[in-house]
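Enquirer: Okay, here's the prediction I keep looking at, along with the sequence it came from:
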Amino acid sequence: MQLLVNIRVEPHALDVLDVPRPGTERNAIDDVLYRRIVFGVIDKPNLMGIADLTGREVVTLLPLGLLTIFYGVHPQPIIDASAASIEQIISGFQHAITATKSAGL
């Protein structure tokens, strides 16, 4: 059994759903308005002092972020460190292919 549903969406309904219309792109103002609608305005004074990241989180995430950028720009140290393992895996596959061909499979 097939159920067909015909939904007609008015053009202004897309504004409520925060769906960009075809041919338009979201911009910074849309993002600010979206956050304000979803999360609301911070009006409680005790919530105003909450920081996005604590010092401990910054100390943890900063080196990870810097290493990610460094290895993204200069990946050779990771490639060199994994070369022996990759060669061993390739050698194992080549040995299996050779054994399969010699067995006539």
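Expert: Structure's in. What do you need?

Enquirer: tell me the contacts of Phe93?
Expert: Phe93 sits next to no residue when contact means CB atoms under 8 Å, 6 or more residues apart in numbering. C-betas here are computed from N, CA, C, even on glycine.

Enquirer: hmm, who's touching the one helix or strand Tyr71 maps to?
Expert: Secondary structure from DSSP states H and E places Tyr71 in helix 55-73. Applying CB under 8 Å, 6+ apart, the contact partners of helix 55-73 are Leu53, Pro77, Ile78.

Enquirer: what is the mean pLDDT for the top helix by length along the chain?
Expert: Ranked by residue count and defined by DSSP state H, the top helix of the chain is helix 76-103. For helix 76-103, the mean pLDDT works out to 93.

Enquirer: Over to stretch 34-53?
Expert: The average pLDDT within stretch 34-53 is 74.

Enquirer: Can you give the distance of it from its chain's centre?
Expert: 24 Å (CA atoms, centre = their mean, to the nearest Å).

Enquirer: All further residue positions should be reported with the first residue as 888.
Expert: That works, and once the first residue is 888, the last one we named lands at stretch 921-940.

Enquirer: Look at it and report the distance between its end residues.
Expert: Start and end residues of stretch 921-940 are separated by 22 Å (CA to CA, to the nearest Å).

Enquirer: residues near Tyr958, how many?
Expert: 13 (other CB atoms under 10 Å).

Enquirer: got the angle between the helix holding Tyr958 and helix 963-990?
Expert: Orientation of helix 942-960 against helix 963-990 (axes from the mean of the first three to the mean of the last three CA atoms, to 10 degrees) gives an angle of 60 degrees.

Enquirer: Compute the distance from the centre of helix 942-960 to the centre of its chain.
Expert: 16 Å.
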